[in-house]
Structure formats: C-alpha cells, structure tokens
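1. Build me a model from this:
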Amino acid sequence: MYAPPTRRELLIVLLLFVTLVSFFSGKISHKDFSHPDLSAVWDNLTPSSEPFVAIPPLPSNSRLSWESSKVPRTRIIAHAPGWTIYDKMYIFKGTIYLVSDEPDTFPDRKHMISSGKEVSNDPEKVAARMPTDKDMRIISTAQAKKLFGTGANRVQGVTWLVNDPQQFITHYYHWSAELFFGFWRTYSSLDPFIPPSGKTALPPPRRMLFTRIDADHWRDYASMNQWVLRTAFPSISMEFSDDWSDRASMGVAFVFDRVLLADRAAAMTGEVFLRSQRTASEAFTLPGSPNWWSTLRDNVIEYTGLNASTGAGTRGIPVITYISRQAWGRRMLIQKDHDKLVEELYKLRDHYGYEVNVVNMDQLSRVEQLRLAVRTTIMLGVHGNGLTSLLWMKPTPRSTVMEFFYPGGFAHDYEYTTRALGMVHYGFWGNSYFSGGETPPMAYPEGFQGNEIPIDGELVASLVHRRLSLAEEADD
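-> All right, here's what the predicted structure looks like:
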C-alpha cells in the first residue's frame with residue numbers, strides 16, 4: 001500500500017524547487033527575447049523592470065491614460081497620397097481622429113482618406129468619394145480630452161488599415177501588385193537601408209483591418225490573395241467591417257500604436273498616379289532601399305521550398321515562360337500567331353539550350369506558379385492576370401517582361417510593376433514593340449479585350465535572344 005510522503009521528504013522537494021527557480025531566474029531575462037521596438041511610438045510609457053516569469057502577465061498599458069494631462073498627439077511618420085503612417089491614431093464611434101494642436105501641418109484630408117465608395121470616373125461618384133467628418137477629423141488636444149475622456153483602449157503593434165471597397169480587393173493583381181506593393185513600399189520607407197538579403201528590423205504587421213468589406217469578400221477567384229498574405233506574414237491576423245462596427249458601437253475611444261492607412265481613392269488624387277495610373281506609384285515618392293521588395297518576395301519564395309537566391313545571376317540556363325491565354329476565352333492571340341510564337345520559342349530552346357515553358361497559369365497549382373515565376377528570366381504573354389507572377393521574378397540585368405496588346409491599346413499595370421522592380425518591359429503591337437520613353441498613353445480600343453490579337457513570333461523570339469545574350473542593353 002502506498003504511504004504518504006513524510007514531512008522531511010516534502011521539505012526536501014520544496015528546497016529543490018526553490019533552488020531550481022532561483023537558478024533559472026538568474027539565467028533568463030528580457031534580453032533573451034526580441035520584441036518589436038515601439039518605444040518611439042509609445043514614448044510616454046516606461047518598460048517594465050519586473051523579471052521574466054514563465055507566464056507573462058497581461059500588459060499593464062493595454063489602456064493609454066492621460067488623466068489630467070494633454071491627450072498624446074497623433075504624428076505622421078510617412079505620407080504620400082493614399083499611403084500614410086500614423087503614430088497614435090484614434091478611432092471613436094467609427095470615425096478616425098487625428099489629434100494635433102497644429103492641424104495646418106497635416107496633409108489635405110482628401111490625400112489621406114476617402115469616403116470608401118466605389119471607384120468610378122463619373123463626376124458624381126468622384127465627388128461622392130471626397131471624405132467628410134464622418135470619415136476623418138483633425139481635432140485639438142483639448143477637443144480630444146472632451147470627446148475621449150481620460151484615456152483610450154490601446155491597439156498594440158503595427159496595423160495595416162484598408163479603406164477600400166471590395167471592387168479591387170478580390171483580384172490577384174490589384175491585391176499583390178497594388179495593395180501589397182504600396183503597403184510594403186510605404187512601410188519599408190522606415191528602413192531605407194534594407195540589404196539584398198531583405199533582412200529588416202521592421203516588425204511585421206500584426207493585423208490587417210478592412211473597414212469596408214466582410215470576411216467573405218477578400219479572396220480572389222485564383223485563391224492567390226490568401227497564399228500571398230499567409231506566406232508573406234504567417235502570423236498576421238485580420239479584422240473586417242464587422243469588427244470595425246464592433247469597436248464603433250462600444251462608444252469608447254481606441255488608439256493604435258502605429259497604423260499604415262491605405263486608401264485607393266486618396267492615392268488617385270496624387271500627381272504621380274495621374275501619370276502612371278497605378279495607386280502604388282505614389283508610395284515611390286518616399287525614401288527607400290533598392291532592395292525594398294526582397295523582404296516580402298523572399299518570404300513568399302522560401303515557402304515554395306526554393307532558395308530566395310533562385311534566378312539570380314546571368315550565367316545559368318535562361319528560363320523563358322510564355323503565359324498563354326488561348327484556353328481562357330478572352331483576350332487571346334490569333335491562333336496561327338500563337339502557334340508561330342510557340343514554334344519560334346522552341347527553336348530558341350533547340351538552338352541555344354534555353355528552357356522554354358508554355359503554360360496556362362490556371363492549370364498549375366499555386367506552388368507551381370510561384371516556383372516557375374521565381375526561376376523565370378523572361379516572361380511573356382498577352383495583357384492579363386497571369387503576368388502578375390512577374391512579382392516573384394528575380395531582378396537581374398536580363399530579367400524582362402514582354403506584354404502583347406491589341407494594336408493601339410495599352411495599360412500601365414504590368415509595365416509599371418516591371419519597371420518598379422528594376423526589370424525591363426517591352427510592349428508589342430503585332431510586328432512592332434516599344435519600351436521606356438516610347439511607351440504610349442493608356443488606351444482601350446475596340447478589340448483590346450477580344451480574341452484576335454496579332455503577334456509576330458519571329459520578332460518576339462529575336463528580341464528574347466538579344467536580351468538573353470545581353471547584346472543590347474535596353475534603357476529602362
């Protein structure tokens with residue numbers, strides 16, 4: 001029969017436990033753990049000096065209290081039309097509040113936010129997108145104290161806030177090459193010395209917050225949006241319009257440590273957008289590293305099992321990827337021109353040893369699409385969503401995108417994105433091509449969306465070989 005422990009045995013166990021706790025408490029400290037440094041954001045709060053414990057307590061500063069002092073002011077850390085980083089941005093009953101006793105130092109409100117209504121060129125709808133006091137207000141510290149009281153609930157870490165309607169969210173290109181492109185280009189301006197490795201001291205965003213869409217309406221038909229998000233930022237959480245409404249209905253103020261607010265309509269008020277027709281282009285007016293995209297790209301690439309350096313250099317076997325739309329049913333090449341193009345590309349393979357891939361992206365898995373894009377040296381195809389894969393190409397002196405348009409037609413989407421990543425873009429109109437300063441204005445003539453787009457396969461193959469031999473350096 002089991003005998004209960006004696007008092008002497010219990011005392012020995014207790015002494016051993018105290019000894020172990022004393023030993024490990026001297027070995028473990030906060031220095032052994034890395035945390036995002038938001039001291040510049042929350043400079044009025046002092047870090048805890050209490051020793052590390054196995055189960056850390058809830059932070060004592062989950063609420064920002066100012067009592068009889070001034071309400072901490074909002075600071076703008078970086079700004080370009082449509083892309084603004086705030087420290088201590090407040091929300092109250094569904095309205096964003098910027099607290100400052102110097103409101104004239106802030107940008108015009110229309111460059112920071114809109115009403116979030118659908119984007120259209122109709123004059124009435126353009127006017128309807130202009131922000132009102134319901135969307136954003138700039139108030140003094142005295143007004144803030146009267147409105148908020150003695151404190152606000154704190155939303156910790158970095159938040160990426162999207163004030164766009166569903167209209168452009170559920171599309172792979174607009175999600176990855178506009179929203180994420182602009183988000184990361186703006187955020188990375190806080191670390192303008194990102195090295196080629198992509199390593200950065202910037203803490204990843206803790207959450208994405210969508211004020212205008214619900215949880216069922218952010219994924220795209222190709223299921224790429226969620227893959228890009230979850231591979232770029234595996235720990236990120238998401239909030240949607242219902243969550244925004246929950247906070248609004250509580251009737252208490254919330255204050256965000258740091259917010260990057262993206263607003264498509266606000267970006268469209270910028271001068272750079274008027275030239276490029278790309279909302280992310282406004283973010284490129286901010287300082288930044290030439291390696292700015294490496295951080296996000298490498299996270300996505302390494303998820304596929306490939307090394308982030310795949311595709312680098314100019315001495316390996318070049319990979320040519322023709323993204324065909326011939327089975328898509330819209331915006332396709334003339335069939336005989338498609339056949340001739342494939343024939344000419346295979347001649348390059350046979351004569352020079354190039355790797356040639358002729359693919360329909362929708363017939364590949366998401367991992368297969370990413371792995372192929374990473375290895376690609378020259379990507380070509382008719383204007384369309386499949387060319388979004390250029391985002392994952394490795395920029396080198398040979399990296400090139402060749403895009404086929406119906407003669408007279410042109411859109412900036414992939415041309416701008418290619419150049420923004422430091423690669424060369426060529427647009428084709430049948431038996432002629434253009435690049436750089438020769439790029440035509442945006443146009444959508446009859447036939448742009450049709451299935452009779454001409455292309456000169458021999459001309460394309462000749463330019464491909466010239467780019468791969470580096471016999472001619474294109475002025476990008």
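2. what ranges do the strands span in the stretch 1-150 of the chain?
-> 63-65, 75-80, 83-92, 95-99, 136-139 (DSSP state E, counting those that start in this stretch).
3. Partner strands of the first one, with direction?
-> By that I understand strand 63-65. Here strand 63-65 has these sheet partners by DSSP bridges: strand 151-162 (antiparallel).
4. measure Ala283 to Gly157 for me?
-> 21 Å (Cβ to Cβ, to the nearest Å). All C-beta spots, glycine's among them, are computed from the backbone N, C-alpha and C.
5. Give me the more crowded residue out of these two.
-> Ala283 (29 against 17; other Cβ atoms under 10 Å).
6. For the more buried one, give me its contacts.
-> Ala80, Gly82, Trp83, Phe181, Gly182, Arg185, Thr186, Ser189 (Cβ atoms under 8 Å, 6 or more residues apart in numbering).
7. Look up how far Phe284 lies from the residue nearest to it when sequence neighbours are not counted.
-> Spatial nearest neighbour of Ala283, excluding adjacent residues (Cβ to Cβ, 6 or more residues apart in numbering): Arg185 at 4.1 Å. Distance of Arg185 to Phe284, computed by Cβ to Cβ: 6 Å.
8. The two: who's more crowded?
-> Taking neighbours as other Cβ under 10 Å, Arg185 and Phe284 compare with Arg185 leading, 23 against 20.
9. Tell me which other helices or strands the one helix or strand that one maps to touches.
-> Using DSSP states H and E, Arg185 sits in helix 181-187. Applying 3 or more Cβ pairs under 8 Å, 6 or more residues apart in numbering; DSSP states H and E, one finds that helix 181-187 contacts strand 83-92, strand 151-162, strand 254-262.
10. For His383, which of the ones you listed is the nearest?
-> Among the helices and strands packed on helix 181-187, the nearest to His383 by Cβ to Cβ is strand 254-262 (25.0 Å).
11. Show me what secondary structure element comes after that closest one.
-> Taking DSSP H and E, what comes next after strand 254-262 is helix 264-267.
12. okay, which residue is most central for the chain?
-> Among the residues of the chain, the one closest to the centroid is Phe180, at 1.6 Å (Cα atoms, centre = their mean).
13. how about low-confidence regions in this protein?
-> For the chain, the stretches flagged by pLDDT under 70 are 1-60, 313-314, 471-476.
14. residue contacts, Val319?
-> Contacts of Val319 by Cβ under 8 Å, 6+ apart are Gly311, Tyr354, Glu355, Asn357, Arg375, Thr376, Thr377, Ile378.
15. gap between it and Pro454?
-> Where Pro454 is concerned, Val319 sits at a distance of 26 Å (Cβ to Cβ).
16. do Thr141 as well
-> 64 Å.
17. cool, and Arg207?
-> For Arg207 relative to Pro454 (Cβ to Cβ), the value is 48 Å.
18. which one of the two has more residues nearby?
-> Per other Cβ under 10 Å, whichever of Arg207 and Pro454 has more neighbours is Arg207, with 19 against 16.
19. For the contacts of Val319, which single residue is the most surrounded?
-> Neighbour max across the contacts of Val319 (other Cβ under 10 Å) = Ile378, 27 neighbours.
20. On the strand side of things, show who that residue bridges to.
-> Using DSSP bridges, the bridge partners assigned to Ile378 are Ile320, Thr400.
21. ok, it - contacts?
-> When contacts are taken as Cβ under 8 Å, 6+ apart, Ile378 is in contact with Pro318, Val319, Ile320, Thr321, Arg398, Ser399, Thr400, Val401, Met402, Val464, Arg467, Leu468.
22. top of the residues you listed by neighbour count?
-> Using other Cβ under 10 Å as the neighbour criterion, Thr400 leads the contacts of Ile378 with 28 neighbours.
23. quick one: it and Leu390 touch, right?
-> No. Here Thr400 does not reach Leu390: they are 9.6 Å apart, not a contact under Cβ atoms under 8 Å.
24. Which residues are in contact with each of those two?
-> Met379, Met423.
25. for stretch 256-267, how far is the first residue from the last?
-> From its first residue to its last, stretch 256-267 covers 22 Å (Cα to Cα, to the nearest Å).
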